[in-house]
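**Q** need a 3D model of the following:
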Amino acid sequence: MNKLRLYTILSLLFCSCSDTSEDLSGGFFYRDEGGDIKEILNHNAGNMEIYGKVVDYAWNDSIILVKQEPSIADHKAFIAFYLRDDTVKYSTDSAGIAKSMHDADSILHNDLRYRKIFARKVNYWIILHNRAVVPGPLSYTEYLSQRQALHIPQTLNLQE
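**A** Now for the predicted structure:
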């Protein structure tokens, strides 16, 4: 099964009938499939993406601010999906899917970046289109400090 077909199947499993999306800036877009699947994704492969649950975002032509309540289930499903790109290691049957879900769970519990994402109930992210590094996940205090250091306009705000 190719990646697009698997993604479509996965999306159908998690989506509701009221899917919405909004194009943002820098190739990014917001997607709401209902439940916890509210994400900031990118049309360009290999760019930073912020999985569910995005509870607020604000953007202009060069910056996207994101407030996230991280969802373990959403992260696990997408990590498993990307792991299955390795068709040698993961078969396309139910055993391969189960193995990818098991490995995704292990990654979530052992990778320092994911442990940082799930260390708080709420994370903040700052996507700067002209930089390769995305500050985040940030605590609220770190977010305010980064806003000031990066001179982010006061007109660009997230709900507290």
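**Q** how many other residues sit next to the closest residue in space to residue 26 that isn't next to it in sequence?
**A** If the residues on either side of it in the chain are set aside, residue 26 comes closest to residue 129, at 3.7 Å by CB to CB, 6 or more residues apart in numbering. (Glycine included, C-beta is placed from N, CA and C.) If you count neighbours by other CB atoms under 10 Å, residue 129 ends up with 16.
**Q** show me what contacts residue 129?
**A** 25, 26, 61, 62, 63 (CB atoms under 8 Å, 6 or more residues apart in numbering).
**Q** state the phi and psi torsions of the nearest residue to residue 22 once chain neighbours are set aside.
**A** Setting aside the residues directly before and after it, residue 22 is nearest to residue 30 in space (CB to CB, 6+ apart), at 4.7 Å. Reported as degrees, to the nearest 10, the phi and psi values for residue 30 are phi -100, psi 140.
**Q** who's residue 30 bridged to?
**A** Beta-bridge pairing for residue 30 (DSSP bridges): residue 22, residue 40.
**Q** against residue 89, how distant is it?
**A** For residue 30, the distance to residue 89 equals 32 Å [CB to CB, to the nearest Å].
**Q** equivalent analysis for residue 121, please.
**A** Going from residue 121 to residue 89 by CB to CB gives 33 Å.
**Q** ok, those two, which is more surrounded?
**A** Just comparing residue 121 and residue 89: by other CB under 10 Å the higher neighbour count belongs to residue 89, 12 against 8.
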